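Novice: Got a sequence here, can you model it:
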Amino acid sequence: MLKHIITITALSLISFILISCGGNSEADDKEAAAKNEPAKAKTVENRWYNTAQLMRGKRVFKENCAVCHGDKGQSLTENWKVAQADGKYPAPPLNGSAHAWHHSKEILKRTVNNGGIALGGTMPSFKDKLSEEEKEAVLAHVMSLWPDKIYQAWNKRNPL
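Specialist: Numbering: from 1, shown residues only. Predicted coordinates for the structure are as follows:
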């Protein structure tokens, strides 16, 4: 009888431990993404990217892009379509309210690589500054700023 009670208690304890510690929570995903470790990345619903790319992209965007494009991709200049006194155009919004969503992923990545100076802007080249994974992650973050309607319109124009 005592043997059965010990066995049942042990099984209950093991079950409790597995339930309590098992699974990969959202906090675990964020921690793994921050450490650039592979996480159990979940694809973001109806989007091409996963949660790990999104978290990494948010960090890379904050470190490299937000200073000109704004922390939410809103642009820091109200009249971004108007050239400034030096003849250069300011950084446009990337949140779906400007023209970025009209471009394919390849063209957006080309802009990240080559910058916008040749096009009359001030964006520097990130070709040698960011890894390919970081560039993909930045695009994931930028596209996460787009409302679903804008993203779906982009996806129709640029099927992956």
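Novice: What does the pLDDT read for His99?
Specialist: On pLDDT, His99 comes in at 89.
Novice: same thing with Thr43?
Specialist: Thr43 is given a pLDDT of 86.
Novice: Tell me, how many residues neighbour it?
Specialist: Thr43 sits with 11 neighbouring residues when counted by other Cβ atoms under 10 Å. C-beta: built from backbone N, CA, C; applies to glycine.
Novice: All further residue positions should be reported with the first residue as 14.
Specialist: Sure thing, new numbering starts at 14, so read that last one as Thr56.
Novice: That one reaches Asn63, doesn't it?
Specialist: Yes: with contact taken as Cβ atoms under 8 Å, Thr56 and Asn63 are classed as touching, separated by 5.0 Å.
Novice: Show me where this protein has its helices.
Specialist: Secondary structure of the chain (DSSP state H): helices located at 15-34, 39-47, 64-77, 79-82, 118-127, 145-157, 161-170.
Novice: who's in contact with the nearest residue to Asn92 once chain neighbours are set aside?
Specialist: Excluding the flanking residues, the one nearest Asn92 by Cβ to Cβ, 6 or more residues apart in numbering is Pro103, at 7.9 Å. For Pro103, the contacting residues are 81, 88-90, 92-93, 97, 134-135, by Cβ atoms under 8 Å, 6 or more residues apart in numbering.
Novice: Any quick ChimeraX command for the buried ones out of those?
Specialist: To isolate in ChimeraX the members of the contacts of Pro103 that are buried, counting by 16 or more other Cβ atoms under 10 Å, one can use:
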select :81,88,90,93,134
